[in-house]
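> Build the 3D model from these lines:
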Amino acid sequence: MSQYNPLDSSVPGVPFQQPTNLFRFGEQTIWSTLLFGNGTALANSTQRCFVTPIGQQGQGFANALSIAETNLKEGGRVPAGVAYDVFGVACQVEQSTGAADAGNLSSPIDTAADIGDLLNIIQNGVLSWDFTQTQIDICPVSLAGAGGGAYGAVSQNAAGANTGHMNNGVGQIWMYRKHPVALPGSATFSIHVRFGSRAAAVGAASMALRVILLGYYKNVIEIG
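I've put the predicted structure just below:
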């Protein structure tokens, strides 16, 4: 008996065997943070992030990195070892309440000196991929995701008594909107933050730079 097909369209073929695996997709962010202690000379320096996993020391931190600083389980590897496509890069500048690694990363950037430290990082820093044998420039920090220059509002109630916070943007995604960067699950990578010759040293308080990768992953679920 022939099959009734009112639209006279071709009927897709149906395999007789059961599938042995399924592809699972999802969106996820991966982040890593660098800490620049007070007085750190930045000019002509190169810092590497995405190399220190959660629970270990590194990237300028004397104490172990926590979930606020990174979600890497293994340095230089995408969590769970899945293929990961990056469609956006964002940066967030933070200031410590103390020198070096002694304070919390929660101090408002609300004075002329603090805003100067913020601008020093976002105007002089450049992001680059590091794939072991290959380095590829991404963009200046000021154009990475939350970038674009100092953003926010500060009000002064009295001399030295300021409220508000300045940062480097409002969260736009400006990189890799059309052509994502593929990170295979077996690949090792890091991101360099390089500073030009005109970058000043960090001021009296420590500064941190959190780099965030926005992307989607694909892994295979075996069902056979």
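> that's a strand at L118, yeah?
No. Using DSSP: H, G, I helix; E, B strand; the rest coil, the secondary structure at L118 is helix, not a strand.
> OK, contacts around the closest residue to H192 other than its chain neighbours?
Once flanking residues are discounted, H192 sits nearest to S128: 4.4 Å by Cβ to Cβ, 6 or more residues apart in numbering. C-betas here are computed from N, CA, C, even on glycine. Residues near S128 by Cβ atoms under 8 Å, 6 or more residues apart in numbering: Q135, I136, D137, I138, I191, H192, R194.
> Dump these to a markdown table, plus pLDDT, distance to Q156 and neighbour count.
What follows is those, written out as a markdown table (pLDDT from 0 to 100; distance: Cβ to Cβ, whole Å; neighbours: other Cβ atoms under 10 Å):
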| residue | pLDDT | distance to Q156 | neighbour count |
| --- | --- | --- | --- |
| Q135 | 91 | 43 | 13 |
| I136 | 93 | 43 | 11 |
| D137 | 95 | 39 | 11 |
| I138 | 93 | 36 | 19 |
| I191 | 96 | 36 | 20 |
| H192 | 96 | 38 | 19 |
| R194 | 97 | 35 | 19 |
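> ok, those vs L209, which is closest?
Closest approach to L209 among the contacts of S128 (Cβ to Cβ): I191, at 10.4 Å.
> That closest one: which element?
Under DSSP states H and E, the secondary-structure element containing I191 is strand 190-195.
> same for whichever helix or strand comes after that strand, what does it pack against?
As assigned by DSSP H and E, the chain's next helix or strand after strand 190-195 is strand 207-222. In terms of contacts (3 or more Cβ pairs under 8 Å, 6 or more residues apart in numbering; DSSP states H and E), strand 207-222 is packed against strand 21-36, strand 83-95, helix 112-124, strand 190-195.
> make it 6 Å
Contacts defined by 3 or more Cβ pairs under 6 Å, 6 or more residues apart in numbering; DSSP states H and E place strand 207-222 against strand 21-36, strand 83-95.
> thinking again about what came up before, nearest to I30, of the contacts of S128?
Nearest to I30 among the contacts of S128, counting by Cβ to Cβ, is I191 at 10.4 Å.
> Before I go, just wanted to say thanks for your time.
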